[in-house]
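Novice: Sequence first, then the predicted structure:
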Amino acid sequence: MIKNYFKIAWRNIMRHKAYSGINIFGLALGIAACLLILQYVSFELSYENFQANKDRIYRIQQDRYDNGKLSTQWAAGAFAVGNSFKDAIPEIEDYVKLVQNRGVITEVQDHPLKIDKVFFASASFFKIFTYPLLSGDKNTALKEPFTAALSETTARKIFGSTNVVGKRLELNRNSNYTITAVYKDAPVNTQIKPDILLSYATFIKMRGPDNNPETAWEWDGCLTYVLLHKDAAPATVEKKFPPIVEKFVGDDMKKFNSAVTYHLQPLKDIHLYSHYMLEPGPNGDGKTVYLLLGIAFFIVIIAWVNYINLATARAITRAREVGVRKAIGSQRKQLIFQFLSESALLNGIALLLSLVIVIAVIPGFNALSGQQISLSLFTQNQFWFSLGALFIAGVFLSGLYPAFVLSGFKPIDVLKGNMGSTKQSSLLRKSLVVFQFAASLFLLIGTVTVYRQIQYMRQQSLGINIDQTLVVSAPVVGIDSTYLPKMTAFKEELGQNTSIKNITISTSIPGEAVAWNAGGIKLVGSDESTQKQYRVIGVDYDYLRTYGLKLIAGRAFSKDFGTDDSSVIFNRKAIEQLGFNQPNEALNKRIDFWGRQYTIVGVTENFHQQSLHEAFEPLILRLIPDVKGYLSVKTNAAQANKTISLVKAEWNKFFPGNTFEYFFLDDHFNDQYKADQRFGQVFGLFTALAILVACMGLFGLASFTTLQRTKEIGIRKVLGASITSILKLLYREFAFLLLIAFVIATPLAWLSTSKWLESYAFRINLHWIYFVLPFFFMAFIALITVSFQSIKAAIANPVKSLRTE
Amino acid sequence: MLQLKNIYKWFNTGSNRTFILKDINLDIKQGEFVSIMGPSGSGKSTLLNVMGMLDEPNEGKYIFLDQDVLHMKEKQRSEIYKSHIGFVFQAYHLIDELTVYENIETPLIYQNIKSGERKGMVADMLDRFQIVGKKDLFPNQLSGGQQQLVGIARALIVKPKLILADEPTGNLNSKQGEEIMNIFKELNGEGVTIIQVTHSEKNAEYGSRIIHLLDGRIEKES
């Protein structure tokens, strides 16, 4: 019986090639898109999955409040949190502290080697996290001061072998560590990918007895992860934080009118939902992931809808078969089964085709989305599971309704020939077309908005000049009392060159978050409760000039004023936070900053330190004549290569033992938009796919309805109707459906695009044109699609169409 | 074989009731060859469909092989006609996507007969109507007469006690028509009850009994 069904199904598919082609190709495109996106989504969701304790590990996230207002949110909070919480809360089985260090330099055969991902980690690191040790003991590895653990790759880079436990490792020519362990490299899908772990005991020792981090509650920058007991409820644990905080810093907080709260972030949620200060690595965006997932399902659903629409539209041609089968003894359920097997066969073929498509487009998709999907995809159970799920869902969701409609025909009606298209199914068909139109419009409006926003962000003036700026990473070796004279000489040497306009050193450069956050800043003499938090960039004399910052009051730092090392320049936002409305009012005011007093000598206009995702922050530029940090070289002409080699030569002369790492600042800045651009491209691509699939369905449907009206058109023409009036008749129906779709899609799109734009501090205003343009575009596409058949029908000789009866 | 008692069928147009069948009483014995005649719209086909259980009367009683079919559930009823009644249609109503062989085989599939057994039965049928050579052709590759042969073969494959034929020769030329009628005659000789609707006096003559319908009533019997 089943064989028989499939045989008939196969012949039906072959007989109606255009119809089957539309269905199969549409489904295949939909399934392929869905599979690729599912792959991307499952990768994003797989972060930290390799951690054996993933369900019990939480990061302690810190929120600081000033005057009752949330001021900063931290991934890495106060140093004392881990040990204090562990001591007081029995549900916490263990904790680990991680402190990000700058990149370090070691020497391999007399050549400097820079290693970027360096952390101080407390002794429980290997007990809490799953980094299998190739050698060493996980219980003692990071216990002692000046011990270090290396990743497999790092060990090979430095020593050419992983058998290095007990060896000595010199860093930055100033400290020595004993290697106690080598661990397997972290997988790609994790946030922390340490190259070197130094023992946290080292960090304590370096700080000295007067600066013990274990009791520091106001000093931020320590990532704290806790491992909860198996049956501990995180909400209960969280409730135990406030009394502990109160005990240690309650009085201080009251005095400064500030507050601090702590929250448990499940390790698994960090990748997609965490975006706080001092994250130890880049994170993804949960919203994007689910948006793409939504689009993928949109496309498959549109393809399923095609099947439903075309199958029910074609019902009349299948009706006779149903009637005959019933007359010769078929039961309804047998017919349902038959039509379902037809849907199964069609979906099956589409599935095979989708695999071919997936294989063909993997490289393109990777390039577009920045993913690394490979053919090993086909060895994953998850992939086949999604494939199976899509198949079954497709067969039933798209096959069931047509099967019920078709099998419901009464043989008597069919055989007598009085078979009109039922009102009910034509209404459903229209609703489904409206759905397809609305979905397409929705995606189009989304695409337009995303593109406009990206364009806007890139065209906006930053308020800071990042063009033709070569940036060199800070030297780490040889930082001692000779640093300032060396750097001064280096700058002077370079400055003599005509291709170099300006050189400046600063602790931060545009295009990244300012890492230095300072709390406790207030006007001299004002109450302690007015203390607030500010971002600080330490700069030399040339910073403002090099970056072309606009002063709106006061002056720039200058060597002409001998006291400038106790001067600061605020941005507009910062003086507003300090309580001034007019820039001039803030001039010459003195502030308390970590036990010293500084004078405000100038105020700059706000500028975009980061992408337009981020709002302006209260920022202090503090003059530090011997500041260590990035070297920004403003070049004159387009002689980039020459300038690079010039700077490099001088660099090697003045800072031997350091690696020369450079990049151009505009590239660095625009990297911030990479994710947005990728999202825009992927969004645009899948929107185009969705529209293509919807149009294929529309084409099929228009063909059938036109075919059904052949006789009507013939009669109208005999009665004197013109071709244009016939075309109007045929277009009117679809135009009406498109209008309804527009009415449905517009508010939904308006809501979602506004919601999407909310995550940008600087964003476009939604304009009516973003909605009307997609509508006309869609109308145009629909017109073309419908026209293929309509024009043919309208210009056909009526004698012909009437004769067919 | 079957009895119809006070069968009425009507439809309402506004407040008017139009009768298609009006008080039909009919008793047909096993082995009869009955022809139903009458002008267009007299209710012939409806009557045939009622007897074939494809249509239901609004009122009346229908006994088929001593069972009151109008009070049965859909499933039981379809069980009965599936195994006892074969239909032959004016427009043949073969399934276009199936070959001659498969068309004839289909009713057997619906009766859950095993594949091996089906093969034998279909082969016999093909033999009997001498269409073995055409078994792999599709309906649109056959002439009208040949298609109707296949239609009859399909009706006969389940060994029905009753064949209902709605103008079986309506779309055929006279020579083909004659052939078909001879087959019916032959079948009747083998004991199959046949009820046909026809316009043609000549074809009606093949039967043993002619029922004339007019405006939904039995006008006369001969």
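Specialist: Perfect, I can see it now.
Novice: I'd say residue A:156 and residue A:162 touch.
Specialist: Yes: Residue A:156 is within contact range of residue A:162, at 6.4 Å (criterion: Cβ atoms under 8 Å). All C-beta spots, glycine's among them, are computed from the backbone N, C-alpha and C.
Novice: who has more neighbours, those two?
Specialist: residue A:162 (18 against 14; other Cβ atoms under 10 Å in any protein chain shown).
Novice: for chain B, what are the nearby residues on chain A?
Specialist: A:1, A:4, A:7-8, A:11-12, A:15, A:320-321, A:323-325, A:327-331, A:334, A:411-412, A:415-416 (Cβ under 8 Å from any Cβ of the partner chain).
Novice: Which one of the residues in the stretch 351-500 of chain A is closest to chain B?
Specialist: residue A:412 (4.6 Å; Cβ to the nearest Cβ).
Novice: which residues does that residue contact?
Specialist: Residue A:412 sits next to A:323, B:49, B:54-55 when contact means Cβ atoms under 8 Å, 6 or more residues apart in numbering or on different chains.
Novice: try it again with 7 Å
Specialist: Residue A:412 makes contacts with B:49, B:54-55, as judged by Cβ atoms under 7 Å, 6 or more residues apart in numbering or on different chains.
Novice: Regarding residue 218, what is its secondary structure?
Specialist: Looking at chain A here, since you left the chain open. Under DSSP: H, G, I helix; E, B strand; the rest coil, residue A:218 falls in the coil class.
Novice: So what's the residue count around it?
Specialist: 16.
Novice: now it: how far from chain B?
Specialist: 81 Å (Cβ to the nearest Cβ, to the nearest Å).
Novice: Specify the beta-bridge partners of the residue nearest the centre of chain B.
Specialist: The C-alpha lying nearest the average C-alpha coordinate of chain B belongs to residue B:164 (Cα atoms, centre = their mean; 1.7 Å). Note on residue B:164: beta-bridge partners residue B:87, residue B:195, judged by DSSP bridges.
Novice: wait, doesn't it sit right on residue B:49?
Specialist: No: taking Cβ atoms under 7 Å as the definition, residue B:164 is not a contact partner of residue B:49, at 8.3 Å.
Novice: just the contacts of residue A:412 now: which is nearest residue B:170?
Specialist: Nearest to residue B:170 out of these is residue B:49 (Cβ to Cβ; 15.8 Å).
Novice: Correct me if wrong, but the closest one is in a strand.
Specialist: No: assigned with three-state DSSP, residue B:49 falls outside any strand and is helix.
Novice: and the residue lying closest to it once chain neighbours are set aside, what does it touch?
Specialist: Residue nearest to residue B:49 in three dimensions, not counting chain neighbours: residue B:55, with 3.9 Å by Cβ to Cβ, 6 or more residues apart in numbering or on different chains. Counting by Cβ under 7 Å, 6+ apart, residue B:55 touches A:412, B:46, B:49.
Novice: sec struct for the second one, please.
Specialist: The one in question is residue B:46. Residue B:46 ends up helix, using three-state DSSP.
Novice: Can you give me the neighbour number for it?
Specialist: 23.
Novice: same question, the last one
Specialist: Each residue near residue B:49 was counted by other Cβ under 10 Å, and the total is 23.
Novice: Give me the nearest residue to residue 83, chain neighbours excluded.
Specialist: In the absence of a named chain, this looks at chain A. For residue A:83, ignoring the flanking residues on the chain, the nearest one in space by Cβ to Cβ, 6+ apart is residue A:214 at 5.4 Å.
Novice: Chain B is the one I meant
Specialist: residue B:158 (6.2 Å).
Novice: what does chain B put close to chain A?
Specialist: Contacts of chain B with chain A, taken as Cβ under 7 Å from any Cβ of the partner chain, map to B:49, B:54-55, B:78, B:82, B:87, B:89, B:93, B:95, B:97-98, B:106-107, B:109-111, B:154.
Novice: repeat that with 6 Å
Specialist: The interface of chain B toward chain A, taken as Cβ under 6 Å from any Cβ of the partner chain, is made up of B:49, B:54-55, B:82, B:87, B:93, B:95, B:97, B:107, B:109-110.
Novice: and those, which of them are in strands?
Specialist: Mapping the residues of chain B next to chain A onto strands (DSSP state E) picks out residue B:87.
Novice: Contacts made by the helix ranked longest in chain B with the rest, please.
Specialist: If you go by DSSP state H, chain B has its longest helix at helix B:174-189. Applying Cβ atoms under 6 Å, 6 or more residues apart in numbering or on different chains, the contact partners of helix B:174-189 are B:33, B:145, B:148, B:168-169, B:194, B:203, B:206.
Novice: quick one: the residue nearest to residue A:466 when sequence neighbours are not counted from residue A:634, how far?
Specialist: In space, residue A:466 comes closest to residue A:665 once its chain neighbours are excluded; the distance is 4.5 Å by Cβ to Cβ, 6+ apart. Distance of residue A:665 to residue A:634, given as Cβ to Cβ, to the nearest Å: 9 Å.
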